[in-house]
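Student: Predicted model follows, preceded by the sequence.
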Amino acid sequence: ILQIKMFVDTDATQIEINPWAETPDGRVVTCDAKLGFDDSAKFRQRSLFDLEDTSESDPREVAAAKHDLNYVGLDGNIGCMVNGAGLAMSTMDIIQLHGGMPANFLDVGGGATTKQVVEAFKILTADPKVKAILVNIFGGIMRCDVIAEGIITAAKQVGLNLPLVVRLEGTNVKKGNQMLQNSGLPIITATDLDDAAIKAVATLK
């Protein structure tokens, strides 16, 4: 009962106690436990999240979390920026299908701001293994012209000197692609995910 109460009171996503041990005098002791908490409840559970030790975490993941970005580093050389975990997974799969290797999983979410896109580009370009960047955005909640503006601003702010392939789809996609093409930046636009992956891989040859 106490474990259930703790789960609810702390907005936990996992409370795993393993193993238990019984002492010679009959007491039951917790030897180890694994706890996980809902990131969305950080505002309610500030004291818990303040206990987090990030000293052994990937600094890129720590930087991403500060800007509400989801990042996981991988071993490839094509940096990926997408919105949505499912789209991120399919983007990585298509890159591999066409002979490339993704350098990361980076999800900017459904309502990314220009500032978040800039921070995402900073994280991608800070990885020395990244030799090209593929941006794959579905503009449902997020309009493609807003994303295009963020990409252009980010590329200028970080002084991007890597090949950049962008595939936009959804609301205001024509306007977004026009903005990219008229930006004066060497941005390669793609018509679909296959086209984007093929173009991203081709920039490395």
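Tutor: Yep, that arrived. Computed from a predicted model, the values in this text were never measured in an experiment. Numbers count the residues shown, from 1 in each chain.

Student: For the rest of this, base every contact and every neighbour count on C-alpha atoms.
Tutor: Noted.

Student: Just confirm Lys175 is within a helix.
Tutor: Yes - assessed by DSSP: H, G, I helix; E, B strand; the rest coil, Lys175 belongs to a helix.

Student: Could you measure from it over to Leu51?
Tutor: Per Cα to Cα, to the nearest Å, Lys175 is found 45 Å from Leu51.

Student: beta partners for Ala33?
Tutor: Listed beta-bridge partners, Ala33: Ile17 (assigned using DSSP bridges).

Student: do you know how far it is from Val82?
Tutor: With Cα to Cα as the criterion, Ala33 and Val82 are 34 Å apart.

Student: Counting neighbours, go ahead and name the busier of the two.
Tutor: Neighbour count, other Cα atoms under 10 Å: between Ala33 and Val82, Val82 has more, with 23 against 12.

Student: number of nearby residues for the nearest residue to Glu16 once chain neighbours are set aside?
Tutor: Leaving aside its chain neighbours, Glu16 sits nearest to Lys34 (5.1 Å; criterion: Cα to Cα, 6 or more residues apart in numbering). Number of residues near Lys34 (other Cα under 10 Å) recorded here: 9.

Student: mind listing what's buried in the lowest-mean-pLDDT helix or strand in the chain?
Tutor: In the chain, the helix or strand scored least confidently by mean pLDDT, DSSP states H and E is helix 59-66, which has a mean of 76. By neighbour count on 16 or more other Cα atoms under 10 Å, the buried set for helix 59-66 is 60-64.

Student: With distance to Thr10 added, can I get these in CSV?
Tutor: Formatted as CSV, the buried residues of helix 59-66 follow (distance: Cα to Cα, whole Å):
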residue, distance to Thr10
Arg60, 27
Glu61, 23
Val62, 22
Ala63, 25
Ala64, 24
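
Student: Distance check, the residue in the chain sticking out farthest from the centre against Ala41.
Tutor: The C-alpha centroid of the chain is most remote from Asp25, which lies 50.0 Å away (Cα atoms, centre = their mean). Distance from Asp25 to Ala41, counting by Cα to Cα: 40 Å.

Student: rewinding a little: if I pick the residue nearest to Glu16, what's in contact with it?
Tutor: 14-17 (Cα atoms under 8 Å, 6 or more residues apart in numbering).

Student: what's the closest of those to Gly170?
Tutor: Gln14 (36.0 Å; Cα to Cα).

Student: Grab the nearest non-local neighbour of Leu106.
Tutor: Leu106's closest residue in space is Tyr71 (Cα to Cα, 6+ apart), at 4.4 Å.

Student: wait, is that neighbour part of a strand?
Tutor: Yes - the assignment for Tyr71 (three-state DSSP) places it in a strand.

Student: quick one: it and Ala64 touch, right?
Tutor: Yes - with contacts defined as Cα atoms under 8 Å, Tyr71 counts as touching Ala64 at a distance of 6.1 Å.

Student: returning to that earlier point: in contact with the residue nearest to Leu106, which residues are there?
Tutor: Residues near Tyr71 by Cα under 8 Å, 6+ apart: 60-61, 64-65, 104-107.
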